[in-house]
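Asker: quick one: sequence and predicted model below, then my questions.
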Amino acid sequence: MISFIVTTYNLEDWLLRRCLESIVTQGFSRDAYEIIVVDDESTISPKNLIDEFAERANIVLYIQKHARQGAARNLALQHAKGKWIQFIDGDDYLFPGILPPLLKLAQDNELDLLTYGFREVADDSEIALTAPPKRNISNTPPLDGNNCQPSTVNYPLDVTSGDTYMLHHNLFGSCCTLLFRLSLCESESFGAPLRFTENIYIEDEEFITKLVWRARRMASTDAIAYAYYQRHGSTVHNCNREHTDELFSNYFVVLKRLIDFEKEIVTQPHEGLTRKIRFFAIDILRRSLREPDWKERWYQSAMQLLGMDLYPIPPANYSWKYRLFRTLSTYSPGRHILRWAELKRL
């Protein structure tokens, strides 16, 4: 069985309906999956909508006192009955018929975790393909379209450990493009069960990193399975100063927790984890370059990274881009070049 975990908070009815419809129509038999919906104390409960879907699927609704998405996902993990977990944000959805072949792919290769591609779906119905292979921008596919057929799932897979994977790849900062075994979170060989840090933003960063590191057999496919809806007013588009300050504070909370985790597993393979931590430090600096007060933001971030031995960026031969950023970030003209480059990317 696979458990689909859906989190929602004050979503419009049509968004959550689209999400649930995309799960129910994947092609699984009713007893092969469950849907766990956790509502983070929305103003209007989605209970009536959930009741509609109860006639077609094994679906349950939990309502928690407002505690953000990490807490909602943790609650769902406590109740999940499936051997496999698939997270979905309530305003996103799955492309038609793609999860059954992905699950079969993971099972046939005895994987702990499979990562796959996604498309960003914007308010204006434009799509940018952000997972390989890159393609031209096109119109949003309808929910009942044939944009992601099982034939897009590639064989054979390059199976590796999670730490080795992180040594050569960057991780996308959302847990929704991962299909993984629940046992990966619960295994006693890793100590305490893996859960999300609660009451912070970007809780995915820490969870994904630790989850991938735990995987002894993981792989990646370029199949595009997930529609990532980018709406105005969402967390990632909220740009007021107070929110930005909280985000940067949370970045360092997560970074500190990952550094502490690295120290805990010093006797186990963790080169990939080290690379992830260093690239996360670069991500923080890059984010500071995009802010209106970027000079102040950079200085504050650099000083905090200095105290963590992550600034100047540690020398490593990961890639030419890593080496270039490291070089340019150490002097003022270089930082102006990096600032220009970041703004060009927006």
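Answerer: Noted; the coordinates are in hand.
Asker: state the helix or strand in which residue 106 lies.
Answerer: Take DSSP states H and E as the rule and residue 106 turns out to sit in helix 99-108.
Asker: same check, this time on residue 304
Answerer: helix 294-306.
Asker: quick check: which helices or strands does that helix pack against?
Answerer: helix 241-264, helix 271-289 (3 or more CB pairs under 8 Å, 6 or more residues apart in numbering; DSSP states H and E). Using the backbone N, CA and C atoms, a C-beta is placed for each residue, glycine as well.
Asker: export those as a markdown table, with columns for distance to residue 198.
Answerer: Output for those, formatted as a markdown table (distance: least, CB to CB, whole Å):
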| stretch | distance to residue 198 |
| --- | --- |
| helix 241-264 | 11 |
| helix 271-289 | 20 |
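Asker: off-centre distance for the helix holding residue 106?
Answerer: 20 Å (CA atoms, centre = their mean, to the nearest Å).
Asker: need the per-residue pLDDT for residue 235.
Answerer: The model reports residue 235 with a pLDDT of 49.
Asker: hmm, I was thinking of residue 126
Answerer: Looking at residue 126, its pLDDT reads 41.
Asker: can you list the residues that contact the helix holding residue 304?
Answerer: 248, 252, 281, 284-285, 288-289, 291, 311, 335, 339 (CB atoms under 8 Å, 6 or more residues apart in numbering).
Asker: just give me the closest of these to residue 55.
Answerer: Minimum distance to residue 55 across the contacts of helix 294-306 is 45.9 Å, recorded for residue 248 (CB to CB).
Asker: so what's the closest one up against?
Answerer: Residue 248 neighbours (CB under 8 Å, 6+ apart): 284, 287-288, 297, 300-301.
Asker: sorry, back to before: pull the helix holding residue 304 out as PDB, backbone CA atoms only.
Answerer: Taking Å, rounded to 0.1, in the frame of the first residue of the first chain, the C-alpha atoms of helix 294-306 are listed here in PDB:
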ATOM      1  CA  TRP A 294      21.600  42.600   0.000                       C
ATOM      2  CA  LYS A 295      24.800  44.200   1.300                       C
ATOM      3  CA  GLU A 296      23.500  44.100   4.900                       C
ATOM      4  CA  ARG A 297      21.900  40.700   4.400                       C
ATOM      5  CA  TRP A 298      25.100  39.300   2.900                       C
ATOM      6  CA  TYR A 299      27.200  40.600   5.800                       C
ATOM      7  CA  GLN A 300      24.900  39.200   8.400                       C
ATOM      8  CA  SER A 301      24.800  35.800   6.700                       C
ATOM      9  CA  ALA A 302      28.600  35.700   6.100                       C
ATOM     10  CA  MET A 303      29.200  36.400   9.800                       C
ATOM     11  CA  GLN A 304      27.000  33.600  10.900                       C
ATOM     12  CA  LEU A 305      28.600  31.200   8.300                       C
ATOM     13  CA  LEU A 306      32.000  32.300   9.600                       C
END
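Asker: list the buried residues for it?
Answerer: By neighbour count with 16 or more other CB atoms under 10 Å, helix 294-306 contains the buried residues 294, 297-298, 301-302, 304-305.
Asker: strands paired with whichever helix or strand residue 120 is part of, and their directions?
Answerer: Using DSSP H and E, the element containing residue 120 is strand 113-122. Paired strands of strand 113-122, with direction, are strand 126-129 (antiparallel), strand 178-181 (antiparallel), strand 218-230 (parallel) (DSSP bridges).
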